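Here is a sequence with its predicted model. Questions after.
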Amino acid sequence: MKFVSGEFRHDETDAFSARDFAARIADLGHHGVSEDRGDHLLNPDLDQMIAATKMRDAAVLVPVVDRGPDATMLLTLRNASLRKHSGQIAFPGGAIDPEDGTAEHAALREAHEEIGLTRDRAELLGRLPRYLTTTGYSITPVLAVVHPPFDLVPNPDEVADVFEVPLSFLMDPRNHRRESRVWEGRERFYYTMPYQDRFIWGVTAGIIRTLYERLYI
C-alpha cells in the first residue's frame, strides 16, 4: 500500500507503523525544517571548524520498512576493509554525483548499488535538515517507506550485512546515550544507540536522533 500525502492522518494508537511515520512527515512538511544539524550541535566549539570546511554534498536513504504496526529501520554494516568508516553501521548512501541531479536520486542509486534495493519498493516522503560532519560532508537524509516484498543483495565490496531495527526502539529516547571520547586532544560528544549486538553511533545515530526530535517529540 502506498502512502500518498493527504490520504492519512497520524494515529497515536499506531505510533510506530510506517503509515504513522508517513503521517508525521506530512504534518511536518515535505522538506522539514531548514536549519542544519551535525556533529557541532553536541560540540559547540566545532562551529568554526565546520564553517571553514569545504563540504561535499552527500545523501543517505533513511528507509523505514512497512511491517504493519511494528515498522523497522533498514541499516547496513559497512565492510571492514573499507578505507573510511569501516565496520560501522550506516544508512545506504554516498556522495551526490553530478549526474544524480538531486539528493533523492543519489540516495536511491546508492541504495541500489549497496544493497540491491530497487527504486519501485521505496516511496519517498521528504527530507531531514542537512547533517554536517567534521569529515567534510553535507549529508541530506532522504526519508522513505520501503514496501515489502523485496530481495536485498548486499554488495560485498561495501556491505558486510543488512539488518532491521524496530522503529519503536530507535524512537525511544531511553535508548539514546550521550557518550564521549577524546579526539584531537579534546573531549567530543556523540550519540550511541546499542541494539542487541549492534553498536549504532556517530553520524547514523545523529541522524536518527534528528528524526526523533523532528517527528516523535
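Received the coordinates, thanks.

Give the bridge partners for the residue nearest the centre of the chain, please.
With distances taken as Cα atoms, centre = their mean, Val62 lies nearest the centre of the chain, 4.0 Å away. For Val62, the beta-bridge partners under DSSP bridges are Leu143.

Got the confidence number for it?
Predicted confidence (pLDDT) for Val62: 99.

and it, what is it in contact with?
Residues near Val62 by Cβ atoms under 8 Å, 6 or more residues apart in numbering: 73, 91, 128, 141-144, 207, 211. (C-beta placed from N, C-alpha, C; glycine too.)

Looking at these, which is nearest His105?
His105 has its nearest neighbour among the contacts of Val62 in Val142, at 9.4 Å by Cβ to Cβ.

what's around that closest one, how many residues?
Neighbourhood size, Val142 [other Cβ atoms under 10 Å]: 28.

got it, and Leu125?
22.

Confirm for me that it is in contact with Ile25.
Yes. Using Cβ atoms under 8 Å, Leu125 makes contact with Ile25 at a distance of 4.7 Å.

Need the residues touching each of the two.
By Cβ under 8 Å, 6+ apart, Leu125 and Ile25 have these common neighbours: Leu143.

Checking the spatially closest residue to Thr72 that is not a sequence neighbour next. Helix, strand or coil?
Leaving aside its chain neighbours, Thr72 sits nearest to Glu164 (3.7 Å; criterion: Cβ to Cβ, 6 or more residues apart in numbering). Of the three states, Glu164 takes strand under DSSP: H, G, I helix; E, B strand; the rest coil.

Run a quick neighbour tally on Glu164.
Glu164 has 15 neighbours, counted by other Cβ under 10 Å.

Low-confidence ranges, this protein, go.
For the chain, the stretches with pLDDT under 70 are 1-13, 30-49, 52, 83, 85-86, 183-184.

ok, the residue located most distally from the centre of it - contacts?
For the chain, the residue at maximal distance from the C-alpha centroid (Cα atoms, centre = their mean) is Gly185, at 28.8 Å. The contact partners of Gly185, by Cβ under 8 Å, 6+ apart, come to none.

That one and Pro129, how far apart?
Gly185 is 29 Å from Pro129, where distance means Cβ to Cβ, to the nearest Å.

Would you confirm that Leu61 contacts Ala90?
No. If you go by Cβ under 8 Å, Leu61 and Ala90 don't touch, sitting 10.6 Å apart.

neighbour-wise, which of these two wins?
Shown here are Leu61 and Ala90; by other Cβ under 10 Å, Leu61 has more neighbours (27 against 20).

which SS class is the closest residue to the more buried one other than its chain neighbours?
Using Cβ to Cβ, 6+ apart and skipping the chain neighbours, the partner closest in space to Leu61 is Ala107 (4.1 Å). Following three-state DSSP, we place Ala107 in the helix state.
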